[in-house]
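K.L.:
below: sequence and its predicted model.
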Amino acid sequence: MAQPTPIRLNGQPIGNGAFPAIITPLVGRTPADLMGELEAILPKEPDLLEWRIDFFDGIADTDSVIETARSIKRAAGSVPILLTRRNTTEGGQPIPIQEPAVVAMYSRACEAHCVDLIDFELSNAKEHLGQLRAVSAANGIAMIMSYHNFELTPDSDTLLGRFLEAERLGADIAKVAVMPKDPRDVLTLLAATYRASQAMRIPLISMSMGGVGSPSRIMGWLYGSAATFAVGKSSSAPGQIAIDDLRAALATVRRAVTG
């Protein structure tokens, strides 16, 4: 069994080192919506909150983004905040700003220390990846570099290459999420996850999406994935499982594995 490298913030593993850490998305369109989500989610004790800012109506107003992020952080207390603008080419929502403004928004959030991590896709311009890596590192904000394919599951070598590319480019965490066409594709994702976990020094996150891929959200940690995503109130990707159901399933698997 692979031993996942934990996701650490300020030297400490998130979720008290439990595997996998449970990440829950926030997809509200207004500050009020987001506060309502937090009220519903926080009692369920996620290990990390992902603010999917591509759902946020105020994304074009960076001052509003910073103010809202600070409000989320205050409400969340000790739960870390991951800021994610998911690109439309990788399953995100359409937004009214262009890429330079997205990079500027991320940079402001890092400099304001109103989030703990950021996620930026490997498919983005290498200039922008490098710029955000420098800004996030200078401000002590962890950076996920990610790859998503909502159409299919590439072969294991290709997936391993995406994980390794993230590490080579300086990511703190590498993430891969792909869509299976059949159960065999789920095995491909898990095999690539295991290979990456044995070859890399940084933590990784992986998942096979949709209903067919949902077992990867429960079993992925056995193959080296340090975190999994669960629904707190609303989902951000197909196949996410309600946090209470996921936690119960994980407990069952842990008992079976550890005896």
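P.N.:
Yep, that arrived. Quantities reported herein were computed from a predicted structural model and do not represent experimental measurements. Residues are numbered from 1 along each chain as shown.
K.L.:
all strands of the protein, in order?
P.N.:
Taking DSSP state E, the strands of the chain run over residues 8-9, 12-13, 21-26, 48-52, 81-84, 117-121, 142-149, 173-178, 204-208, 227-231, 241-242.
K.L.:
out of these, deepest packed?
P.N.:
Compared across the strands of the chain, strand 204-208 shows the largest average neighbour count, a mean of 28 (mean count of other Cβ atoms under 10 Å). Glycine gets a C-beta too; all of them are placed from N, C-alpha and C.
K.L.:
now it, how far from the chain's geometric center?
P.N.:
Centre-to-centre, strand 204-208 and its host chain are 9 Å apart (Cα atoms, centre = their mean, to the nearest Å).
K.L.:
now the angle between strand 227-231 and it, please.
P.N.:
Counting by axes from the mean of the first three to the mean of the last three Cα atoms, to 10 degrees, strand 204-208 lies at 50 degrees to strand 227-231.
K.L.:
any chance of JSON lines for the strands of the chain, columns mean pLDDT and distance to Val103?
P.N.:
Output for the strands of the chain, formatted as JSON lines (pLDDT from 0 to 100; distance: least, Cβ to Cβ, whole Å):
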{"stretch": "strand 8-9", "mean pLDDT": "93", "distance to Val103": "23"}
{"stretch": "strand 12-13", "mean pLDDT": "90", "distance to Val103": "29"}
{"stretch": "strand 21-26", "mean pLDDT": "95", "distance to Val103": "21"}
{"stretch": "strand 48-52", "mean pLDDT": "97", "distance to Val103": "17"}
{"stretch": "strand 81-84", "mean pLDDT": "98", "distance to Val103": "13"}
{"stretch": "strand 117-121", "mean pLDDT": "98", "distance to Val103": "9"}
{"stretch": "strand 142-149", "mean pLDDT": "98", "distance to Val103": "13"}
{"stretch": "strand 173-178", "mean pLDDT": "98", "distance to Val103": "19"}
{"stretch": "strand 204-208", "mean pLDDT": "97", "distance to Val103": "22"}
{"stretch": "strand 227-231", "mean pLDDT": "92", "distance to Val103": "24"}
{"stretch": "strand 241-242", "mean pLDDT": "87", "distance to Val103": "33"}
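K.L.:
turn those into CSV, including distance to Ala75.
P.N.:
Output for those, formatted as CSV (distance: least, Cβ to Cβ, whole Å):
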stretch, distance to Ala75
strand 8-9, 18
strand 12-13, 21
strand 21-26, 10
strand 48-52, 10
strand 81-84, 10
strand 117-121, 17
strand 142-149, 21
strand 173-178, 24
strand 204-208, 24
strand 227-231, 19
strand 241-242, 21
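K.L.:
any buried residues in stretch 54-71, and which?
P.N.:
54-56, 59, 62, 65-66, 68-70 (16 or more other Cβ atoms under 10 Å).
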